[in-house]
Each structure stands twice: as C-alpha cells, then as structure tokens.
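Enquirer: I'd like to go over a predicted model; first the sequence, then the structure.
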Amino acid sequence: APTREKLEVLENVLIRVDEHGVITDIHPAGDSMRTLVEAELGDRLHRLPDGHYGLPGLVDLHIHAPQYPQLGLALDEPLEVWLQKYTFPLEARYADLDFARERYTALVDDLLGTGTTTALYFATQHEAATKLLADICIEKGQRALVGKVVMDDPAACPEYYRDDSAETAVAETRAVIDHIRSHPENGAGRVLPVITPRFIPSCTDEALTGLGALAQECGCHVQTHCSESDWAHGHVLSRFGITDAAALDSFGLLTRKSVLAHSNFLTDEDMDRLASRGAAVGHCALSNIYFANSVFPLRHALEKGVHVGLGTDISGGPSASMFEAVRTTVQSSRMLAEGTDPALLAEKRGRPNSAIDLITAFHLATAGGGVALDLPIGIIAPGYRFDALAVDTNARAGAIRLFGETDPTAIFEKLIYGTTRANIAAVWVDGIERTP
Ligand code: GUN
Ligand code: FE
C-alpha cells in the first residue's frame, strides 16, 4: 500500500535485491528481461510456494521492549498508577543483564516471527541493558531503533529506578549512541540510536534541554510520549502553561526524525506544528483504549499532513502483533466515527469523517512507518529495502482459510484479518532471511 487507500498487487513478479538489501528491479511475467535475470540469479532465486503471499514487513513505531514479560497483565489501573505499581518495578530488573538477555532475546525472536521487521524501541533507564538490546537486534538482523529511557525527575520517578541526574542521563544517552554507531557488526546502520525522554512528567527541565541539544548535535531520531492520557496532558499544561507538543518543540525535541507516541489530545495548532517540523505520531490504537479512554483523531491528523505510523505500545497494548495494530486502528476509528442516523448526528455523537479503511491502516503500518522514520522501508519498489514476510495460507494451524478466492483485495483482507504467527512462513530484513 504505497499510498493511503491504494492497494498495489504485484502478481507473479520477480523482485531483484542487491547485496545491500535494496530492491533494484521488479519484473512481471512476460517481461523480456525476466528470463535473463532468472538465468543470472541461478540458485540464488527464491520462489514462494503456492499459497504463499508476500507482504512488506511491518514497522512497529512504538514499543517498550522491557515490558514484554507483562504483556496482557495489569491493565486494570490508570497510566500513572500502572507505571508505579507494575511497570517501574519490572523495568528496574533489567539492571540484571542475564534477566535482560533472556527476555530481550525472546522478544526479538517473537517480533520477527510475527512479521515486525522494524521496531522503534524504548529500552530501560539502564545504559548497559540498552546496549544489550541493540546488540541482540544487530545479531538477529532486525531493523531497530533503540533508546535509553531518560527519567531523572525525583518528583515522578522512584529512587530505585531513575537517572542520578540530568547530566548523567545525557552522558549515558551519548554513550549508547556511540556504542550503536560504532558497533563493528552494524556497518550497514540497520540498528540506529534514539534519544528517548520517557515523557515530560518523568524529566527535569535540565534533562529535556540537554536531550534537545543532543538531538540537534547528533541528528539522531527522537521518541517520547505526548498527550497520552488526561493526566499526562494535564501535567504538561499545568507545568509549562503550553501543550505537550509545544513544550517538546521548545526543548528542540520536535524534528523530522521525532516520533511522538499516542498524541491523543493534540490541538489543531499542535498538528500544524508537527506537520511543519515533519515529526510523526506513533498511533497505538489498542493501548489508547486502556490508558487514554480515547481514540486518536487519526483521519483528521492525516488530513492536516501529520506523518503517522502504528505501534503496539507493548505492554500498554496487550498484543505484540502489528496485524492486530492494523485491525484495532480500523476498529477504533469506527467507534469515533459519527452515527449514520440524522438524529444521532444532531446529538453530536462521534466525530464526522473519522473511519479508517483497512488499506490505509496497512499503509500506515508499513509505508507510513517508513516515512515517519525517514527510512526507505515499507514499500515493495525499487530503491526500498527488501523487508518482507511470506504468509502461508496452507498452514493448518493458522487462522486463514481461503476458499478459492482470486480477487486480490479479498485475499488481502483475509490475510490482514487472519494472519497469526503460525501463518508466517518466512521473514526477510535487507534481503536476508531472518525467520527465527
Ligand atoms: N508514559 C510514560 N511511560 C509510559 C509507558 O511505559 N507506557 C505508556 N503507555 N505510557 C507511558
Ligand atoms: Fe508507550
């Protein structure tokens, strides 16, 4: 889905990928060049078996790697309680690198197995465990962006789990950036560093200022949470007298490579601000049901020119699957949409023109994530990285069953609504098979 609302189906094509993982040319059946290319490729040609369908790899634009062990747990509390009661105690345990290694290894395998070829990760406050997560992604070949979480404000973060000072937080962020950029096996830059203030409530002004300056200096990606819940949104308003997005901008944290998770309560001016900076929203439809009690006005943001991709928000969202994120994006947009009965419209139920179709949601989970990150991923076309997966509709254990459908749109719909990990036969990143 290279653009919104447009499904492009490549039937029986030959896709050639160079040694760097970049798609160089695509040949349909009957193309005179195709036979030549096939002969040249010889046994390096990989054929998808009957009943297998290729899709571009999925881009998870917001995920907390350390929270994977509590996926599906403890969703009964509001955000500010959930953080203190469950999440900070869990994340604090990643000071133990053996604990971290076991869990991060399982996560990266499971995400690759579910078709997530790119992930924008929050790690933990710890420098060493953050480096370890980056090392595991490099070893397993997942495209990843990894950030050490900054949380230095004693008013919001417990003593057992916070940065010692703004200065050490910025210095450790810098150390992680250097580690990732100079890693001997990361020459291709498949793993990238990210400046990661957890959210404004967890950071002092000094930390936010230091990270904003670092972002300008090193040109890295930036990620944080923005206007997620009424509480988080209200905290920033009362602390600075301006919105979350405006405050982030004032610290130099809104750049072309910034991703703001959630952003449910953006004003129209905030959206204009994001659009003018080229910053993106990481839309987490499933998590928003739990912590925001709200639906992000996605169509409105798209119409205002804001870049948007989708995220699972593990473990604020209880599913690791980006297929699920696509489904929930469609479903929650329908809940925001207006009623069709004129009497209900008069009651102002819903927000007109909010519904998002399946193709647009899939576009956001692939190409949209690529635009948000400013990376050539998410589309099967020359110049893009070959990040892809193959769905096997013959798999007995899977949820997809085709009954002779031949219409490509129908097959696409069944794939997106039905695919589980059991259906995913192969996963490639940069043209290299990485199926766990
Ligand atoms: N805001 C600050 N930290 C977090 C987190 O870990 N998860 C979510 N969903 N929101 C946050
Ligand atoms: Fe989050």
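Expert: Noted; the coordinates are in hand. Worth saying up front: this structure is predicted, and the values here are computed from it rather than measured. Ligands and ions are numbered 1, 2, ... in the order given.
Enquirer: enumerate the positions of the helix or strand where residue 102 lies that are buried.
Expert: Assigned by DSSP states H and E, residue 102 belongs to helix 97-113. Of all the residues in helix 97-113, those buried under the rule 16 or more other Cβ atoms under 10 Å are 100-101, 103-105, 107-113. C-beta: built from backbone N, CA, C; applies to glycine.
Enquirer: distance from the chain centre to that helix, please.
Expert: How far helix 97-113 lies from its chain's middle: 17 Å, per Cα atoms, centre = their mean, to the nearest Å.
Enquirer: can you pull the residues of the stretch 151-300 of the chain lying near ligand 1?
Expert: Counting by Cβ under 6 Å from any ligand atom, the residues of the stretch 151-300 of the chain close to ligand 1 are 198-199, 225, 228, 287, 291.
Enquirer: hang on, the earlier thing: mind saving the C-alpha coords of the helix holding residue 102 as PDB?
Expert: This file holds the C-alpha atoms of helix 97-113, laid out as PDB (Å, rounded to 0.1, in the frame of the first residue of the first chain):
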ATOM      1  CA  LEU A  97      21.900  -8.300  32.300                       C
ATOM      2  CA  ASP A  98      21.100 -12.100  32.400                       C
ATOM      3  CA  PHE A  99      17.500 -11.200  33.200                       C
ATOM      4  CA  ALA A 100      17.600  -8.700  30.300                       C
ATOM      5  CA  ARG A 101      19.200 -11.100  27.800                       C
ATOM      6  CA  GLU A 102      16.700 -13.800  28.200                       C
ATOM      7  CA  ARG A 103      13.700 -11.500  27.800                       C
ATOM      8  CA  TYR A 104      15.100  -9.400  25.000                       C
ATOM      9  CA  THR A 105      16.100 -12.500  23.000                       C
ATOM     10  CA  ALA A 106      12.600 -13.900  23.300                       C
ATOM     11  CA  LEU A 107      11.100 -10.600  22.300                       C
ATOM     12  CA  VAL A 108      13.200 -10.000  19.200                       C
ATOM     13  CA  ASP A 109      12.600 -13.600  18.000                       C
ATOM     14  CA  ASP A 110       8.800 -13.300  18.600                       C
ATOM     15  CA  LEU A 111       8.500 -10.000  16.800                       C
ATOM     16  CA  LEU A 112      10.500 -11.200  13.800                       C
ATOM     17  CA  GLY A 113       8.300 -14.300  13.800                       C
END
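Enquirer: what is that helix packed up against?
Expert: helix 127-140, strand 424-429 (3 or more Cβ pairs under 8 Å, 6 or more residues apart in numbering; DSSP states H and E).
Enquirer: do you know which of those lies nearest ligand 2?
Expert: Nearest to ligand 2, of all these, is helix 127-140, at 15.7 Å by Cβ to the ion.
Enquirer: tell me the helix or strand right after that closest one.
Expert: Remark: after helix 127-140, the chain's next helix or strand is strand 143-147, criterion DSSP H and E.
Enquirer: in stretch 72-89, what's buried?
Expert: 75, 79, 82-83, 86-88.
Enquirer: ramachandran angles for the most centrally placed residue in the chain?
Expert: Centrality entry for the chain: nearest residue to the mean C-alpha point is residue 61, 1.5 Å, by Cα atoms, centre = their mean. Here is the backbone geometry of residue 61 (degrees, to the nearest 10): phi -90, psi 0.
Enquirer: picking that back up, nearest to residue 36, of the helices and strands packed on helix 97-113?
Expert: Residue 36 sits nearest to strand 424-429 of all these, at 23.5 Å, using Cβ to Cβ.
Enquirer: all the strands of the stretch 301-436 of the chain, residue numbers only.
Expert: With DSSP state E, counting those that start in this stretch as the criterion, the stretch 301-436 of the chain has strands at 307-310, 388-392, 424-429, 432-433.
Enquirer: quick one: closest of those strands to ligand 1.
Expert: strand 307-310 (14.3 Å; Cβ to the nearest ligand atom).
Enquirer: what helices or strands is that closest one leaning on?
Expert: strand 58-64, strand 280-283, helix 298-303, helix 322-336, helix 369-373.
Enquirer: looking at the ones you listed, which is nearest to residue 26?
Expert: Nearest to residue 26, of all the helices and strands packed on strand 307-310, is helix 369-373, at 17.5 Å by Cβ to Cβ.
Enquirer: give me the helices and strands touching the closest one, please.
Expert: Judged by 3+ Cβ pairs under 8 Å, 6+ apart, the packing partners of helix 369-373 are strand 58-64, strand 116-122, strand 280-283, strand 307-310.
Enquirer: CA atoms only: put the last one into PDB for me.
Expert: Output of strand 307-310 as PDB, limited to C-alpha atoms (Å, rounded to 0.1, in the frame of the first residue of the first chain):
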ATOM      1  CA  HIS A 307       3.100  11.700   9.400                       C
ATOM      2  CA  VAL A 308       1.600   8.800  11.200                       C
ATOM      3  CA  GLY A 309       2.700   5.200  11.800                       C
ATOM      4  CA  LEU A 310       1.300   2.500  14.000                       C
END
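Enquirer: which of the residues in stretch 130-139 are buried?
Expert: Buried residues in stretch 130-139, counted by 16+ other Cβ under 10 Å: 130-138.
Enquirer: any residues of the protein in contact with ligand 2? List them.
Expert: Applying Cβ under 5 Å from the ion, we find that the chain lies next to ligand 2 at 261, 313.
Enquirer: and the chain, what are its domain boundaries?
Expert: 14-52+379-433, 58-373 (automatic domain parsing).
Enquirer: comparing the ones you listed, which comes out most buried?
Expert: Highest mean neighbour count of these: domain 58-373, a mean of 21 (counted as mean count of other Cβ atoms under 10 Å).
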